[in-house]
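>>> Got a predicted model here, sequence first, then my questions.
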Amino acid sequence: MFKFVIQLMTTDPIILFDGVCNFCNGAVNFTIKRDKKKEIKFAALQSETGAVLLKQYGLPVNDLRSFLFIENGKVYNRSTAALKVCRHLTGLWPLCYGFIIVPSFIRNGIYDFIAKNRYKWFGQREECMLPTPEVRARFL
């Protein structure tokens with residue numbers, strides 16, 4: 001029996017996000033508006049592309065709770081992922097990367113608290129968002 005492995009080959013940074021989470025969709029829209037170089041690509045964790053990327057990086061395909069950022073062949077999660085994304089944004093947002101010096105157990109504690117309550121505070125959708133035609137090319 002043969003197994004086919006599909007790998008996505010891209011050098012662009014990629015955000016993997018919970019496609020049914022309103023907070024996560026807001027974060028994606030926030031990033032799109034502030035990524036003026038249009039470097040960052042996006043994929044919902046629930047999508048086929050998301051599943052391929054999770055498998056490609058040896059991550060569980062059924063754990064859709066985390067926000068992931070893939071850059072230069074490395075996967076970052078939780079608060080580190082968010083801070084790495086900030087480096088790609090315009091304005092003062094790259095300065096937020098300075099919070100990387102805060103110990104990860106503190107940063108991730110705050111991240112986990114927000115992640116745990118995101119559906120309660122912000123709600124969720126029945127299905128993943130559909131990108132507008134202007135940004136569709138940035139979604140994998």
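Arrived safely.
>>> Next, the contact list for residue 38, please.
Residues in contact with residue 38 (C-beta atoms under 8 Å, 6 or more residues apart in numbering) are residue 138. Every residue, glycine included, has its C-beta placed from N, CA and C.
>>> my read is it is in a strand, agree?
No. Membership of residue 38 in a strand is not supported by DSSP: H, G, I helix; E, B strand; the rest coil, which gives coil.
>>> pLDDT score assigned to it?
Per-residue confidence at residue 38 stands at 92 (pLDDT).
>>> where in this protein is pLDDT low?
1-10, 65, 127-130 (pLDDT under 70).
>>> now with 50?
1-6 (pLDDT under 50).
>>> show me where it has helices.
Using DSSP state H, the helices found in the chain span residues 22-34, 48-56, 78-86, 104-122.
>>> Highest mean neighbour count out of the ones you listed?
Comparing those by mean neighbour count (mean count of other C-beta atoms under 10 Å), helix 78-86 comes out on top with a mean of 20.
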